[in-house]
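Enquirer: Coordinates for the following, if possible.
(chains A and B)
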Amino acid sequence: MSTRVSMALQYALGTALLLGLWQMLGATAAFGQTLPSLSSVLATIGSATERPILAPAVGATALSALAGLAIGGGCAVVAAALRYSLQFAREGIDRSAATVHSIPGIGIAPVLTLALGRATTPIALAALATFFPVYITASAALGAAQSTHQDLFSVLGASRLQRLRRLQIPAAVPGLLDALRLGAPGAVLGAVLGEWFGAPRGLGLVIISSAQNYQIVQMWAASLLTTLLSVLAFAVASALQFATRRRFR
Amino acid sequence: MSDSGLRVDVWEKGVTSHAQTALNPPGSRGGHIVLRGVDKEFSIRRRQRFVALHDIDLEIPAGSFVSLIGPSGCGKSTLLRILVGLEAPTRGSVLIDGAAPRELVQGHRVGFAFQEHALLPWANVVENIALPFHLAKRPIDQHRVADLVAMIGLNGFEGSRPKQLSGGMRQRVALARALALAPDVLLLDEPFGALDAITRRHLNVELGRIWDETRVTTVLVTHAVDEAVLLSNEVVVMSRGPGRILRRVPISLDRPRTRDMIASPVFQRLQVELEEALDEAESAAR
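Expert: Residues are numbered from 1 along each chain as shown, chains lettered A, B, ... in the order given. Purely as a prediction, here's the structure:
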């Protein structure tokens, strides 16, 4: 059995165990009403009354996460490229990135809501959550080119720009996709967090309003969908990485 | 300058006319290399320096094939890196056709093959061979690239990526890439060092044939004495501690060089002579 197959089996087994435990605890009402069974949560997601609430919420959160990922990831790659080409600014950029990372999302969210508006806050927080992991991975990826390749480009009289375009960037592609893999689930989480603070739609809004209205099953449904969205983002990024790894390594 | 006994200069010492024609064959272009009093020191720790090369005087006429052999650590690879401007000498001067190595590199007139093939993994055979055209901002000469592919015998592998090729094939592609812009100087840093003996011998003969066609000034760094004799006009034996030139041995075998020559008495005699010089270099280091 190949390692990949056995690993997939392990994942499947672990997930099945966890979901089975959830179902058992929920069905026996071990925690009372606060933990409904998995089957009842799934039935809620599929029900005619809840679906019109949940489906657009998933779409809105996915869109915010994607926009945040694009903005945060784009800024991070640009910052990493600047860090790479401006030796003297290296430490300054590193510190700024670390500072951005140290801002707690939950603390800045109300401020962002005031400054950017309720609809934009989820995107901003998703971008913020994406920035640091992508920045770190992209910085490492831009230095990934082998030293023999660097020597080759020196010997062939390559300019700095040619070196970046024909060596550093292609050599960085696998690392950049690693960055995407790390950043994508974070973007979903950032978006949901942003939606807590009065966003007009999204899974975060459903979670907060159902919690306030004691709609426990609906809250669990939204949480489960958030988790699935996050896992899906990771899976898509992983698939993209797998597909391109053959091309660039 | 000290150690004058170790310094040999082809022109000043007046080599025989026969050897001179062998060193400077007809049809050669630029690539006249002159090193004068070259020292190279590396700082290892604070205030501690390692002398990699000491007082190297070497003149390589345009259109010749010179091999550098010597024990590991004798600075032969460092010398090659100095010739292409990857390292700067601590003292002394390096001129190729009267200009600094950097200028030659900026003019895209150097071909270099590394011990590791250094092919770009995301590019196929043709794209790898064409890379020097891109970096020199010249239009890609498709005929030239096709000729090079044919020359290294990789027809049918144009679209293959490096990891789909054998070790020998990769080195051939690296050689073709080094030759792509018809350089004035070809520098080879143990390009066949990692290959098995049969592939190596095969590529030796192939490189000899290519050199006969191009007559590009070539400096080959190698560990293999037979390879050096088979290919060169002259073999430079280096010693270490510090790296210096121990002996220069002209190789006046006829060209084209063939595999059969290896069994000839002249070849054997040269090989023995060089082995002895290498032994001397080894013991000098201790």
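Enquirer: Compute the distance from the centre of stretch A:81-88 to the centre of its chain.
Expert: How far stretch A:81-88 lies from its chain's middle: 26 Å, per CA atoms, centre = their mean, to the nearest Å.
Enquirer: What residues sit buried inside that stretch?
Expert: Buried residues in stretch A:81-88, defined by neighbour count with 16 or more other CB atoms under 10 Å in any protein chain shown: A:81, A:83, A:84. Where you see a C-beta, it was placed from the backbone N, CA and C, and this is true even at glycine.
Enquirer: Extract the C-alpha trace of it and format it as CSV.
Expert: In CSV, the C-alpha atoms belonging to stretch A:81-88 read as follows (Å, rounded to 0.1, in the frame of the first residue of the first chain):
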residue,chain,number,x,y,z
ALA,A,81,9.5,40.5,-3.6
LEU,A,82,10.4,44.0,-2.2
ARG,A,83,12.2,42.3,0.7
TYR,A,84,14.1,40.2,-1.8
SER,A,85,15.2,43.0,-4.1
LEU,A,86,15.8,45.7,-1.5
GLN,A,87,18.5,44.3,0.8
PHE,A,88,18.6,47.4,2.9
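Enquirer: Residue 218 sits in which helix or strand?
Expert: Assuming you mean chain A. helix A:216-248 (DSSP states H and E).
Enquirer: I was thinking of chain B, sorry if that wasn't clear
Expert: Element membership of residue B:218 [criterion: DSSP H and E] is strand B:217-221.
Enquirer: for the strand or helix carrying residue B:34, which positions count as buried?
Expert: Here residue B:34 sits within strand B:33-45, counting by DSSP H and E. The neighbour-count check on strand B:33-45 (16+ other CB under 10 Å) flags B:33, B:34, B:35, B:36, B:38, B:39, B:40 as buried.
Enquirer: okay, the fourth one: pLDDT?
Expert: Taken from the predicted model, the pLDDT recorded for residue B:36 is 96.
Enquirer: thought it was touching residue B:55?
Expert: No. Using CB atoms under 8 Å as the test, residue B:36 is too far from residue B:55 to be in contact (9.5 Å).
Enquirer: what residues are shared contacts of these two?
Expert: Residues touching both residue B:36 and residue B:55 (CB atoms under 8 Å, 6 or more residues apart in numbering or on different chains) are residue B:92.
Enquirer: Just the CA coordinates for stretch A:193-210, please, in CSV.
Expert: Extracted C-alpha coordinates of stretch A:193-210, given in CSV (Å, rounded to 0.1, in the frame of the first residue of the first chain):
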residue,chain,number,x,y,z
LEU,A,193,-14.7,36.7,12.2
GLY,A,194,-15.3,39.9,10.2
GLU,A,195,-18.9,38.9,9.7
TRP,A,196,-19.5,38.8,13.4
PHE,A,197,-19.4,42.6,13.6
GLY,A,198,-22.6,43.5,11.8
ALA,A,199,-21.9,42.3,8.3
PRO,A,200,-25.0,42.2,6.2
ARG,A,201,-24.6,38.5,5.2
GLY,A,202,-22.3,35.5,5.6
LEU,A,203,-21.8,32.5,7.9
GLY,A,204,-20.4,34.6,10.6
LEU,A,205,-23.7,36.6,10.7
VAL,A,206,-25.7,33.3,10.9
ILE,A,207,-23.5,32.0,13.7
ILE,A,208,-23.8,35.1,15.8
SER,A,209,-27.5,35.7,15.3
SER,A,210,-28.5,32.1,15.9
